[in-house]
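**Q** kindly return the folded structure for what I paste below:
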Amino acid sequence: MNTRETLKVNAQGHLEIGGIDTVTLVEKFGTPLYVLDEKYIRDMCAVYRDTIEREYDGNGIVLYASKALSCLAIYKIAKSEKIGVDVVSGGELYTALKAGFPAEKIYFHGNNKLASEIEYAIDNKIGTIVVDARAEMDLIDKFCAEKGVMQSILLRINPGVEAHTHHYIQTAKTDSKFGFSVADGTAKSIVEYALTKKNIVLKGFHCHIGSQIFEKQSFKLAVDKMMAFAVEVRDQLGFEATVLNLGGGYGIWYTDEDAKLTCSDYAIYLKTIIDELKRKANEYKIPNPYLVIEPGRSIVGEAGITLYTVGTIKDIPGIKKYVAVDGGMFDNPRYALYQAKYTAVLANRALEAPTETVSVAGKCCESGDIVCADVALPAAKTGDILAVLSTGAYNYSMASNYNRNLIPPMVLVKDGQANYIVKPQTFEDLVRNDVIPDYLK
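**A** Okay, the predicted model is just below:
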């Protein structure tokens with residue numbers, strides 16, 4: 001495990017998170033259960049915020065990337081930590097506003113924003129829209145003209161940096177659905193187009209090269225390419241970008257194949273970006289741009305664990321052993337999507353040494369419903385509590401009611417206290433929006 005003060009094995013030999021025994025959590029809240037460590041989330045927010053303050057004279061902002069995990073409580077924490085957020089849908093925007101998050105510190109992303117979402121954002125005076133399509137810019141300009149307002153935008157640029165990560169989460173490849181490509185000239189032409197719009201204020205550029213990236217060279221290369229593009233645009237079009245959003249993508253620990261980073265280690269990633277940004281600004285003799293970063297997974301990923309109860313156990317001699325739990329791809333679809341790797345522990349027997357390698361299976365009617373494959377565990381028994389680690393990002397946010405299973409509730413833990421931040425679903429919730437036509441009654 002990547003242990004810390006708020007995630008460790010206690011004297012009873014149980015996994016403990018946020019100062020509370022996971023066995024106690026299961027007794028109180030049941031399983032499956034998402035659990036989030038509030039201190040870890042706040043520590044990560046502070047690391048990024050304070051690094052910009054210290055290393056870049058405060059000339060920038062941290063945005064929590066809400067696609068990793070969106071709920072009212074997360075936005076409340078982000079607001080109290082004095083950072084911004086980015087959203088990628090009308091639903092995420094609604095949730096942030098419902099939590100009282102200041103609209104001027106919200107950035108709106110998406111490669112296919114709906115007209116209704118764009119109008120909703122403008123009506124709520126959202127701070128910045130990151131434009132990803134020419135038609136989208138036309139809609140923004142149209143709505144702003146009708147409403148007599150101006151809208152600040154960034155243009156999403158594809159610098160062509162292929163980071164070393166899973167190909168599903170590389171977002172700056174030449175053939176990516178995201179952004180305007182520098183390589184084929186569309187990036188420069190969209191800048192020209194943006195400058196013709198009377199109701200839009202172009203502030204600068206955005207890029208995001210992918211997710212779950214550990215090596216720093218890709219981030220430095222992204223800085224180099226984006227700064228070179230900014231200077232080219234200045235020299236050829238007379239537009240000087242004042243804002244540069246470099247996205248997120250910093251990797252987290254899922255298994256021992258990944259680096260074990262402390263919160264403070266992430267300051268090194270950001271300092272690397274800042275140092276390169278200052279170096280290129282000095283080389284080009286231009287002012288340091290206002291820096292925006294968008295960490296999501298690295299803020300909430302390792303903060304989260306999911307607790308399950310072990311059910312049936314199926315041993316296929318000489319082939320495979322399955323340990324089934326009361327969750328599955330409906331609460332964590334990441335293995336089914338791209339064979340994501342996880343670490344699992346028996347939370348109620350956390351000091352026992354592993355004796356076998358098993359696959360943790362879910363309860364869905366799918367052969368591919370695996371929570372995590374080839375994990376080392378002590379011999380599990382029905383009724384054991386199994387914890388899957390580093391599930392704070394892209395688990396609840398991607399959950400579904402597949403097979404009409406209930407999406408698990410979520411609790412926030414801190415200093416030995418636990419509180420719901422997402423209530424348990426009920427069977428009634430499953431049929432709430434179902435309608436029977438009159439002719440079937």
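**Q** would you quantify the distance from Lys341 to Glu257?
**A** For Lys341, the distance to Glu257 (C-beta to C-beta, to the nearest Å) stands at 7 Å. Any C-beta I mention is one placed from the backbone N, CA and C, and that applies to glycine too.
**Q** quick one: which of the two has more around it?
**A** Applying other C-beta atoms under 10 Å to Lys341 and Glu257 shows that Lys341 carries more neighbours, namely 17 against 8.
**Q** so what pLDDT did the more buried one get?
**A** On pLDDT, Lys341 comes in at 96.
**Q** that one touches Tyr254, doesn't it?
**A** Yes: under the criterion of C-beta atoms under 8 Å, Lys341 is in contact with Tyr254, at a separation of 5.4 Å.
**Q** residue boundaries of the helices in this structure?
**A** 22-29, 38-55, 72-80, 90-98, 115-123, 134-147, 186-194, 217-237, 266-284, 297-300, 334-338, 427-431 (DSSP state H).
**Q** residues touching Ile407, list them.
**A** 330-331, 396, 399-401, 425 (C-beta atoms under 8 Å, 6 or more residues apart in numbering).
**Q** can you tell me how far it is from Ile299?
**A** In terms of C-beta to C-beta, Ile407 sits 21 Å off from Ile299.
**Q** what does Tyr322 give?
**A** With distances taken as C-beta to C-beta, Tyr322 is found 33 Å from Ile299.
**Q** shaky segments in the stretch 201-350 of the chain?
**A** Scanning the stretch 201-350 of the chain with the threshold set as pLDDT under 70 gives no residue ranges.
**Q** repeat for the stretch 51-200 of the chain
**A** Per-residue confidence of the stretch 51-200 of the chain (counting by pLDDT under 70) places the weak regions at 163-176.
**Q** re earlier: of Tyr322 and Ile299, who's got more company?
**A** Ile299 (33 against 14).
**Q** what sits against the nearest residue to the more buried one once chain neighbours are set aside?
**A** Spatial nearest neighbour of Ile299, chain neighbours left out: Met44 (4.4 Å); criterion: C-beta to C-beta, 6 or more residues apart in numbering. With contact set as C-beta under 8 Å, 6+ apart, Met44 has these partners: 263, 266, 295, 298-300, 303.
**Q** next one: Met44 from Met410, what distance?
**A** Per C-beta to C-beta, Met44 is found 18 Å from Met410.
**Q** cool, and Asp235?
**A** Using C-beta to C-beta, one obtains 50 Å as the distance from Asp235 to Met410.
**Q** in the lengthiest strand in the chain, which residues are buried?
**A** Assignment by DSSP state E gives strand 304-316 as the longest strand of the chain. Judged by neighbour count (16 or more other C-beta atoms under 10 Å), strand 304-316 contains these buried residues: 304-310, 313.
**Q** and these, which is closest to Gly185?
**A** Nearest to Gly185 among those, counting by C-beta to C-beta, is Gly304 at 42.3 Å.
**Q** contact partners for Ala65?
**A** Counting by C-beta under 8 Å, 6+ apart, the residues that Ala65 touches are 85-86, 248, 294-297, 299.
**Q** Val325 touches Leu307, doesn't it?
**A** No: the pair Val325 and Leu307 fails to qualify as a contact (C-beta under 8 Å) at a distance of 9.4 Å.
**Q** give the residues shared as contacts by these two.
**A** Between them, Val325 and Leu307 share the neighbouring residues 31-32, 386, with contact defined by C-beta under 8 Å, 6+ apart.
**Q** what residues are up against the closest residue to Asp374 other than its chain neighbours?
**A** What sits nearest to Asp374 in space, not counting adjacent residues and going by C-beta to C-beta, 6+ apart, is Thr357, at 5.6 Å. Each residue near Thr357 by C-beta under 8 Å, 6+ apart is listed here: 321, 374-377.
**Q** redo that, cut-off 10 Å
**A** Contact partners of Thr357, counting by C-beta atoms under 10 Å, 6 or more residues apart in numbering, are 320-321, 373-377.
**Q** show me the beta-bridge partners of the closest residue in space to Lys203 that isn't next to it in sequence.
**A** Take Lys203 and drop its neighbours on the chain: the residue closest to it by C-beta to C-beta, 6+ apart is Val243, 4.3 Å away. Here Val243 sits in beta bridges with Gly204, Tyr290, going by DSSP bridges.
**Q** residue contacts, Val243?
**A** Taking C-beta under 10 Å, 6+ apart as the criterion, Val243 is in contact with 60-61, 128, 152-154, 202-206, 289-292.
**Q** swap in 8 Å and give it another go.
**A** By C-beta under 8 Å, 6+ apart, the contact list for Val243 reads 154, 203-205, 289-290, 292.
**Q** done for today, thanks.
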